[in-house]
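**Student:** Predicted model follows, preceded by the sequence.
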Amino acid sequence: MDTKQEIREFVTSRRGRITPEQAGVRTFGSGPRRVPGLRREEVASLAGVSIAYYTKLERGDVSGASDTVLEELSRALQLDQDPVAPRLESRARQ
């Protein structure tokens, strides 16, 4: 598996594991959500980046992403307890 694919699968799986309630995100409506976990725009907002930029990162294109952006993305996805996260961050820097 190539680096982009690995990053893409990792980030999308982690986004799907976090509920809006866990992230402290206000939800609208009472019906079911179409996607499990957080929406892209919610992660982007939590990480302090645009939706377009987050989508680029989620697709595995981390070229040019600063350490600060990667740290904020890690914080938004609550990766501090994930043993796989440091390995992927180092792969993003290759």
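**Tutor:** Now that the structure is in, tell me what you want to look at.
**Student:** Neighbours of Glu41, how many?
**Tutor:** Neighbourhood size, Glu41 [other CB atoms under 10 Å]: 13. C-beta: built from backbone N, CA, C; applies to glycine.
**Student:** host element of it?
**Tutor:** helix 40-47 (DSSP states H and E).
**Student:** Val62 now?
**Tutor:** Here Val62 is covered by no helix or strand, with elements defined by DSSP H and E.
**Student:** Next up, phi/psi of it, please.
**Tutor:** phi -100, psi 10 (degrees, to the nearest 10).
**Student:** What's the per-residue pLDDT of Ala92 here?
**Tutor:** According to the prediction, Ala92 has pLDDT 64.
**Student:** For Asp61, give me its contacts.
**Tutor:** For Asp61, the contact set (CB atoms under 8 Å, 6 or more residues apart in numbering) comprises Lys4.
**Student:** got any ranges where the protein has weak pLDDT?
**Tutor:** Along the chain, segments meeting pLDDT under 70 span 1, 30, 81-94.
**Student:** Alright, I will stop here.
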